[in-house]
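Asker: model the structure of this input:
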Amino acid sequence: MSSGEGDGLERWEAAVRAEVGAGWWDDPDGADLRARFKAFTGQRCDWPEPKLLFWKDLILRVARRLRLCSAPAHLVTSIWFARPGGVTPLCLPQVLEEMRADGEILLKSELIDPAAGSLYQILWRVSQMAISKRPIAQEDILVFRSLVEERFEDIVRQLSGSHWTSTCVVTISKFNSFFVRREEAHAALCYLSQRGKARYLVVRKEDPLEGVKFPLVSAQAPAVSKLDCDALHLVWAEERLQQQLDVLDRRWEISRRRALMYFKAGNKKAASRYVRQSKLVSESRNKCTTLLERVEEVISLVSAAESTKQVHEAIQIGIKAMKEHDVSIEDINTHLKEVDDLVAAQREIDAALELVPLHSLAGEEDIEEQFRNLEAELLDKIPDVHVEEPEPVLHATEDSPDETAESLSDNLSKIKLGAI
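Answerer: Below is the predicted model:
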């Protein structure tokens, strides 16, 4: 189901009702509704300006309330403002054309896809110059310029709260999270890239890693650099590690609560099994947390150096931090493989522990003491994982910029994170 049609008529009608109020909207036979739903006649100069401005403003306000930056033309003309019996405003196609002429609406088909190759973009520009402007079709995607600008300002405001650098690189999944739908995010990215307000970047030809670069202190985003691609790799690794850590946290909590449940039910064998499982999860969680802290520290060190405009020093600091904190590609892959192995191992834990005789466990008094401690801990809220603040920025080494940049890029490009 495309472009939000699954959201339902009730949601659209509620948004329209919230903007226009009751009164004439609920009176399908009223003179006000009939007057506003009539088509425009005659020349443009003969159109009633208040009526035109009313529909322009209402379309934008409804889209803003629905948190949409783009929408299919057929939704706006045939569904958003439909009344019982299928009555729709006949003037809306003309209103949309006026908004397009004023630059308030853009067609997604007329925007350049930043993910396309440079040759395609050149051919697209040439074709647009040769093709005359056509009317808006029902299948066209309308991009509301002012709403995309508002969303861009909101994104920059949110990112500025957690970054102190002049620019910020985020993964494409993070960028998509600022929008209701992925199609809407792509339309906004096409507009922002074409206006120079954001830069699309991608690394690795196989299994490409996509991201977006935002300016946080200026109106235009600077060109993508090699350091931006390296930063995207680190940010992507941080997101994947955080996702895996969240999964381990949930499994750790479930195992402990099930252990307490079986202990209270008198099934000490099952309770012991879940205690052992929670210990295994806890060990993997600690390793994942340590690795995440190291990656975050490298990101912080690089960002701190970049904020002082010392890009060369930032690359050197990043490499030195990885060496001094024992962060290597082998360590990353080893820890992540242990996390992946835990998933398969947990499937075998139940069967393996079933074979352990009950008399081989610790004494009954020791077991009861352990579960009393476990019960006391679970009465309180399980604390969140605390990430230590990064150490102060280290001094740069004396390696050349080309060698250090190439070394960091090669190392980061080898990172392979597995999903749980």
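
Asker: can we go C-alpha only for contacts and neighbour counts from here?
Answerer: Will do.

Asker: can you report phi and psi for residue 52?
Answerer: Dihedral pair for residue 52: phi -60, psi -50, per degrees, to the nearest 10.

Asker: quick one: the nearest residue to it once chain neighbours are set aside from residue 189, how far?
Answerer: With sequence-adjacent residues excluded and distances taken as C-alpha to C-alpha, 6 or more residues apart in numbering, residue 52 is closest to residue 95, at 6.5 Å. Remark: distance between residue 95 and residue 189 (C-alpha to C-alpha, to the nearest Å) = 25 Å.

Asker: packing partners for the helix or strand containing the residue nearest to residue 52?
Answerer: Assigned by DSSP states H and E, residue 95 belongs to helix 92-101. In terms of contacts (3 or more C-alpha pairs under 8 Å, 6 or more residues apart in numbering; DSSP states H and E), helix 92-101 is packed against helix 49-65, strand 105-107.

Asker: tell me the angle that helix makes with helix 49-65.
Answerer: With axes from the mean of the first three to the mean of the last three C-alpha atoms, to 10 degrees applied, the angle from helix 92-101 to helix 49-65 works out at 80 degrees.

Asker: so what touches helix 92-101?
Answerer: The contact list for helix 92-101 (C-alpha atoms under 8 Å, 6 or more residues apart in numbering) reads 39-40, 52, 55-56, 77, 105-106, 135-136.

Asker: so where do the strands sit in the stretch 101-250 of the chain?
Answerer: Using DSSP state E, counting those that start in this stretch, the strands of the stretch 101-250 of the chain run over residues 105-107, 141-144, 167-171, 199-203, 209-215.

Asker: reformat those as JSON lines; add mean neighbour count.
Answerer: Below are those laid out as JSON lines (neighbours: other C-alpha atoms under 10 Å):
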{"stretch": "strand 105-107", "mean neighbour count": "21"}
{"stretch": "strand 141-144", "mean neighbour count": "26"}
{"stretch": "strand 167-171", "mean neighbour count": "22"}
{"stretch": "strand 199-203", "mean neighbour count": "20"}
{"stretch": "strand 209-215", "mean neighbour count": "22"}
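
Asker: and residue 292, which of the ones you listed is closest to it?
Answerer: Residue 292 sits nearest to strand 167-171 of all these, at 16.8 Å, using C-alpha to C-alpha.

Asker: mind listing what the closest one pairs with, with the direction of each?
Answerer: Note on strand 167-171: by DSSP bridges, its sheet partners are strand 209-215 (antiparallel).

Asker: list the contacts of the strand it pairs with.
Answerer: 156, 166-172, 175, 197-203, 221-222, 224, 228, 232-233.

Asker: recalculate using a threshold of 7 Å.
Answerer: 166-172, 198-203, 221, 232 (C-alpha atoms under 7 Å, 6 or more residues apart in numbering).

Asker: now that strand and strand 199-203, what's the angle there?
Answerer: Going by the same axes, to 10 degrees, strand 209-215 makes 150 degrees with strand 199-203.

Asker: alpha carbons of strand 209-215, as PDB, please.
Answerer: Coordinates of each C-alpha in strand 209-215 appear next as PDB, following Å, rounded to 0.1, in the frame of the first residue of the first chain:
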ATOM      1  CA  LEU A 209      26.900   1.800   3.300                       C
ATOM      2  CA  GLU A 210      24.900   5.000   2.800                       C
ATOM      3  CA  GLY A 211      24.900   8.200   4.900                       C
ATOM      4  CA  VAL A 212      24.000  11.900   4.800                       C
ATOM      5  CA  LYS A 213      26.200  14.800   5.800                       C
ATOM      6  CA  PHE A 214      24.500  17.800   7.400                       C
ATOM      7  CA  PRO A 215      25.800  21.300   8.100                       C
END
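
Asker: tell me the average confidence for that strand?
Answerer: Strand 209-215 carries an average pLDDT of 92.

Asker: skipping its backbone neighbours, what lies nearest residue 182 in space?
Answerer: Closest residue to residue 182 apart from its sequence neighbours, by C-alpha to C-alpha, 6+ apart: residue 176 at 5.8 Å.

Asker: residue 187 is in contact with the one you found, correct?
Answerer: No. If you go by C-alpha atoms under 7 Å, residue 176 and residue 187 don't touch, sitting 10.7 Å apart.

Asker: what ranges in the stretch 201-350 of the chain fall below the confidence cut-off?
Answerer: Applying pLDDT under 70 to the stretch 201-350 of the chain flags residues 205, 304-336, 338-350.

Asker: go through the strands of the stretch 101-250 of the chain and name the closest to residue 297.
Answerer: strand 167-171 (16.2 Å).
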